[in-house]
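> need a 3D model of the sequence below.
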Amino acid sequence: MQAEKDRLEIDYKLDIPPAGNVTKPVVFILGWAGSKQHDLSQYSSFYGEKGYTTVLYTLPTDMMFLLSASVVGDIKDISKRIYGILKDNNLCGRPVIFHVFSNAGAMLYRWTSEVFLEKHVSIVGVVMDSCPSRLELSVGLKAIYFVKRQEGIIPYLSYLGRFVSNGVKSRMDGNWNEEVDVYQELKSSASSIWSHLFLYSTNDGVIPSSHILEIADSRKVAGASIVKTVNFEDSVHVSHFKKYKEKYIDECQKFASDCWKQFQDNSKQ
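Numbers count the residues shown, from 1 in each chain. Below you'll find the predicted structure:
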């Protein structure tokens, strides 16, 4: 039991700005596969300067690429631990905004948002950077290359083999079900009608922009309060901030402000 507990301990970072507004939303920044806390801190900084508390966390890479029904169970447990961050730090009364990257962030967001709704946490918005996409083989292969390319050809090919083998084995063993298909879950969700900001590029290189726009359209149909898409056109996967820093920050800060204002207005009714 202790080994299982330790295996699912989460390594997160909580940033509370010194002059933070104690009623503003908490921003959960959920990273892309392979991202580190120092990668996510640059995003935390521009939220922090506006008084938002942030939580930074990235799902383990294997949980993204070696997916199965049993791994989904582990992700659900991690989602409950992420809720515990709110509880342990007396933040449960605060509204929440998610800022998620790539399919790893989108996957964790899908389950964490469900836990938050069960616990009556007010989710007021989500920023989706370079996500989500359908779980297609071509997307998986490109994503693994994106994450593993700097490790060298041998480690890359080895991990590629594990990815393909896991996919085949999971389906043969019946360890694959509808819950694994996060894209369809997000597309058909009747509950996620909070505000959405999609930051993408037609030159992403990993995820087709058509997948992202399909989800955006589904949120409009579902009745989401705000649905905005921003096409950076030539920046690559999860690199829109790096190439268009000022525009990226402006879009995110304005979106967070709009979500916060809308929550305040609804609270007065």
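> which phi and psi does Arg31 have?
Careful, residue 31 is Gly and not Arg. phi -80, psi 170 (degrees, to the nearest 10).
> which residue is the nearest non-sequential neighbour of it?
Thr58 (3.5 Å; CB to CB, 6 or more residues apart in numbering). In this view, the C-beta of every residue, glycine as well, is placed from N, C-alpha and C.
> please enumerate the helices of the stretch 101-250 of the chain.
With helices called from DSSP state H, counting those that start in this stretch, the stretch 101-250 of the chain shows them at 102-118, 137-148, 153-172, 182-188, 209-222, 240-243, 245-268.
> packed most tightly, which of those helices would that be?
helix 102-118 (a mean of 23; mean count of other CB atoms under 10 Å).
> how much does that helix deviate in direction from helix 137-148?
Here helix 102-118 runs at an angle of 100 degrees relative to helix 137-148 (axes from the mean of the first three to the mean of the last three CA atoms, to 10 degrees).
> C-alpha coordinates for helix 102-118, CSV please?
The C-alpha coordinates for helix 102-118 follow below in CSV (Å, rounded to 0.1, in the frame of the first residue of the first chain):
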residue,chain,number,x,y,z
SER,A,102,-0.8,19.4,-25.5
ASN,A,103,-2.6,16.1,-25.0
ALA,A,104,-0.9,15.4,-21.7
GLY,A,105,-2.3,18.5,-20.2
ALA,A,106,-5.7,18.0,-21.9
MET,A,107,-5.9,14.5,-20.6
LEU,A,108,-5.2,15.5,-17.0
TYR,A,109,-7.6,18.4,-17.3
ARG,A,110,-10.4,16.1,-18.4
TRP,A,111,-10.2,14.1,-15.2
THR,A,112,-9.3,16.9,-12.8
SER,A,113,-12.1,19.0,-13.9
GLU,A,114,-14.5,16.1,-13.3
VAL,A,115,-13.2,15.8,-9.7
PHE,A,116,-13.4,19.6,-9.2
LEU,A,117,-17.1,19.5,-10.3
GLU,A,118,-17.8,16.7,-7.9
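> what packs against it?
strand 26-30, helix 61-65, helix 69-88, strand 96-101, strand 123-129, helix 137-148, helix 182-188 (3 or more CB pairs under 8 Å, 6 or more residues apart in numbering; DSSP states H and E).
> orientation of it relative to strand 96-101 in degrees?
160 degrees.
> looking at the helices of the stretch 101-250 of the chain, which has the lowest confidence?
For the helices of the stretch 101-250 of the chain, mean pLDDT drops lowest on helix 153-172, to a mean of 69.
> could you give the bridge partners of Val26?
Here Val26 shows beta-bridge partners Thr53, Val96, assigned using DSSP bridges.
> Ala224 is nearest to which of the helices and strands packed on helix 102-118?
Closest to Ala224 of these is strand 123-129 (CB to CB; 9.4 Å).
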